[in-house]
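Colleague: Starting from these lines, generate the structure:
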Amino acid sequence: MFARLRDELEQGGQVQPGLTIHGLRHTVASRLAEHDVSERGIATWLGQKTSAMARHYSARANKKRHMEATVLKLKVKPAG
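Modeller: Presented below is the predicted three-dimensional model:
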């Protein structure tokens, strides 16, 4: 069933060729991690019993947005 859906999405240009369940899990976990979802929350979304696999799947998450927000919180406005 996944292959049929993937093929339809590929034909419609909605996903890149070669999408796999494994790759989709990495993408979902990374996106959730980028939005500060906890490892337990990611595990729940992925249907995992423990946070260990969520940690594995989200390890490559782009933390840039999170770091930018942290820097903005730490910035001190000049007096005046």
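
Colleague: How many neighbouring residues does residue 72 have?
Modeller: By the measure other Cβ atoms under 10 Å, the count of residues near residue 72 is 8. The way it works is simple: take the backbone N, C-alpha and C, and place the C-beta from them, glycine included.

Colleague: For residue 43, give its distance to residue 2.
Modeller: 21 Å (Cβ to Cβ, to the nearest Å).

Colleague: Where does the closest residue to residue 10 other than its chain neighbours sit: helix, strand or coil?
Modeller: Leaving aside its chain neighbours, residue 10 sits nearest to residue 17 (5.5 Å; criterion: Cβ to Cβ, 6 or more residues apart in numbering). Put simply, residue 17 is coil when judged by DSSP: H, G, I helix; E, B strand; the rest coil.

Colleague: ok, back up a step: looking at residue 43 and residue 2, which has the bigger crowd around it?
Modeller: residue 43 (22 against 10).

Colleague: from memory the more buried one sits against residue 37, does it?
Modeller: No. Between residue 43 and residue 37 there is no contact under Cβ atoms under 8 Å: 9.9 Å.

Colleague: Give me the residue ranges of the chain where confidence is low.
Modeller: Applying pLDDT under 70 to the chain picks out residues 62, 76-80.

Colleague: Let me see the ranges of the helices in it.
Modeller: 2-11, 21-34, 39-46, 51-57, 64-74 (DSSP state H).

Colleague: and the longest one, what does it pack onto?
Modeller: Taking 3 or more Cβ pairs under 8 Å, 6 or more residues apart in numbering; DSSP states H and E as the contact definition, the neighbouring helices and strands of helix 21-34 are helix 39-46, helix 51-57.

Colleague: ok, and for that helix, which residues are buried?
Modeller: Across helix 21-34, burial judged by 16 or more other Cβ atoms under 10 Å covers 25-26, 29-30, 32-33.
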